[in-house]
Each structure stands twice: as structure tokens, then as C-alpha cells.
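Novice: task: produce atomic coordinates for the following.
(one chain, ligands or ions: 2)
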Amino acid sequence: MQKKGDIKERIEELRRERKAVILAHNYQPPEIQDLADYTGDSLGLARKAAEVEAEIIVFCGVHFMAETSAIVNPGKITLLPEPGAGCSLANTVTPEGIVTLKNLRPRAAVVTYVNSSAAVKAVSDYCCTSGNAVEVVEAVEAPEIIFTPDGNLGRYVRRVTGRELIIWEGCCPVHDRITAEMVRERKSEFPSALVIAHPECREEVLELADVVTSTSGMFRVVEESGAREVIVLTEAGMGYPLGKRFPGVRFIFPVAEPLCPDMKLITLEKVERTLRELEPRVTVPENIRLGALLAVERMLAIG
Ligand code: 13P
Ligand code: SF4
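Specialist: Ligands and ions are numbered 1, 2, ... in the order given. Next up is the predicted model:
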């Protein structure tokens, strides 16, 4: 049987040989985050994917994230070690659904959360992530906005910006499963803890949070707050990078830990095989890519 240490060495060797860069989302398993050149939230990863010089990008995350990399890097090879790693939220919306809604509201601009397929982005005007949804919506000049596909994020953005949004009622089952009751329970156990939440959580959960932010935003909030106990309302994989960066802080998740099974599908073995075989690749047909790129570039230009 091959040892874990050996596999890490083989990945290192292959990465050097291939001159590849490894990007990993904050929810990835610890051993994957540890070998990544860069870890981050969807916005950080999209920016990094647009910047990197490497010709080969190994994307450790879910399909829409690797697709975003392929959208901004047409000449490069984007690899997703597990092609079956999807996103239940992204699956709640189709391009046909958006087009139907657009026909009903012709004056509306469509703002689509990055957790969506390239085909959905291609029929949207702007892309956004949890890290910049408020800024993107504030920058839209159209008189009406269709916001897809996350209803919880849409309601949060509506509350913060005061803009009337036509909201697509999709949700992330991992975040939507966190209830206000679960949060109250943790708050009564840890009354002085800071509460930070991802905007994919329900409205009544966000109301109980001190700060609502993207996964990478959580690092900044913990740093600036100086808190010693933090209740974290997002996927439990965040416990690893937060604990690594702030070893003196206690991070508390809801008792029924929110876990995204798709985010856990990437393994060291799959990363090694991907680097060796340069497969499976994620590609986007050029006509779709160009439409999606416009929406992603508008987002990146906003900040
Ligand atoms: P972030 O962009 O905040 O990392 O969120 C991505 C995601 O899939 C949350 O469930
Ligand atoms: Fe998609 Fe939710 Fe998993 Fe994030 S946590 S990748 S939104 S299913």
C-alpha cells in the first residue's frame, strides 16, 4: 500500500514537472488545502485564476468554480480532480428559466451568483459572489434587478442595499439547514462568542449574526474582532483554515455540523491522477464562454 507521505511527494514532483498551480476552496479537506498554492473564497479563487501565469490549473473545489477558471483562461488547461463535484445550489437554475424571467421583465438586469453554470452566467448581465454581491447590486444602473439563484443571499442583499430585487428561490441545502434554533442553542452555551454567518444562511439566522460575510471575509472579521470564541455559521470545513490561522481562538459550529458532500470529493489520489493524466478537464463552449466572460468581467471590474 502506498503511504500518504509518498503521495504528497509524487504530487510535488508532478506539480513541478507540469508547472501547475493548485487552487483550493476554503471548504476543501485539510490535506488538499495544505498542498494548495492558494486557498480562498469564490471571489479570491476567480481573481487568482484570472491572474496566474501557470498553463495548468488544478482546481480543488466544485464544478462551477473550475468553470469560472475555464471562462477566464481559455488558452489554459483547467483540471477538476473529481468531475462529479457539483453544487446543489447551482443546479436550481437553468438558462431557460432565466430567459423566461427576462422576457417577463425586459427592463431588468440579471445578477447571477457565481454558484451557477457557465450557461446561466452567459444569459446574465453580471456575476457576483458572496464577497461582492452588495457592491455589484449597488453598481447596477438598470431600474429592476433579477437576482439568481440564491434566495437567502438575495434577501440579504435586498436588506443591505435597499434595492427591490426579483429573487430566484434557489438555496444551498447545507446553509439552509441551519436554523435560528440551532444558533440560539450555541449562543446560550457561548454567550460572549462573536457570531459570523455566510449570507447563504436563512434571513432569521442572519439576524442573529454579528457579521455576515464570505468564507474569506471570515478571516478578516476574526482578526479585527480579537474574539476568543466565534460561532461560525457556514460549512464546517471552514473550521480547519480558521483554526490553523487563529490557533488561540475557539471556533464553534452548529451541533449538527453543516457539511457539503461535494466539497469533500477531492482526494490526494485524485489530485495525483489528475496531474499525471491531465484529465478530467473542464471546458466551456466558446459561444457560452464569451457570454459568461462578460458577466464575470463586469463583476471583477466592480471590485
Ligand atoms: P464563498 O465564495 O463565500 O467561499 O462561498 C462559496 C460557497 O459555495 C458557499 O457555500
Ligand atoms: Fe454549493 Fe452549498 Fe456546497 Fe457551497 S456549500 S458548494 S453553495 S452546495
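Novice: going by C-alpha atoms from here, please, whenever you check contacts or count neighbours.
Specialist: Fine.
Novice: what number of residues lie near the residue in the stretch 151-300 of the chain positioned nearest to ligand 1?
Specialist: Closest to ligand 1 within the stretch 151-300 of the chain is S214: 3.5 Å, counting by Cα to the nearest ligand atom. Close neighbours of S214, defined as other Cα atoms under 10 Å, add up to 22.
Novice: quick one, grab the pLDDT at it.
Specialist: pLDDT, S214: 96.
Novice: tell me the contacts of it?
Specialist: S214 makes contact with 41, 130-131, 198-199 under the criterion Cα atoms under 8 Å, 6 or more residues apart in numbering.
Novice: can I get these in TSV including secondary structure, neighbour count and distance to T112?
Specialist: Compiled in TSV, those are given as follows (DSSP: H, G, I helix; E, B strand; the rest coil; neighbours: other Cα atoms under 10 Å; distance: Cα to Cα, whole Å):
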residue	secondary structure	neighbour count	distance to T112
D41	coil	20	16
S130	coil	23	11
G131	coil	21	13
H198	coil	25	17
P199	coil	28	15
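Novice: so which of those reach ligand 1?
Specialist: Among the contacts of S214, the ones lying near ligand 1 by Cα under 6 Å from any ligand atom are 41, 130.
Novice: nearest to S117, of the contacts of S214?
Specialist: Comparing the contacts of S214 against S117 with Cα to Cα places S130 closest, at 16.1 Å.
Novice: phi, psi for the closest one please.
Specialist: Phi and psi for S130, reported as degrees, to the nearest 10, are phi -60, psi -20.
Novice: R250 now?
Specialist: phi -90, psi 120.
Novice: I'd say it and E229 touch.
Specialist: Yes. The criterion here is Cα atoms under 8 Å, and R250 meets it with E229 at 4.7 Å.
Novice: show me where the stretch 151-300 of the chain has strands.
Specialist: Assigned by DSSP state E, counting those that start in this stretch, the strands in the stretch 151-300 of the chain fall at 165-167, 194-197, 211-212, 229-233, 250-252.
Novice: can I get the ones you listed in JSON lines with distance to ligand 2 and mean neighbour count?
Specialist: Shown next, in JSON lines, are the strands of the stretch 151-300 of the chain (distance: least, Cα to the nearest ligand atom, whole Å; neighbours: other Cα atoms under 10 Å):
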{"stretch": "strand 165-167", "distance to ligand 2": "16", "mean neighbour count": "20"}
{"stretch": "strand 194-197", "distance to ligand 2": "13", "mean neighbour count": "24"}
{"stretch": "strand 211-212", "distance to ligand 2": "15", "mean neighbour count": "20"}
{"stretch": "strand 229-233", "distance to ligand 2": "11", "mean neighbour count": "23"}
{"stretch": "strand 250-252", "distance to ligand 2": "18", "mean neighbour count": "19"}
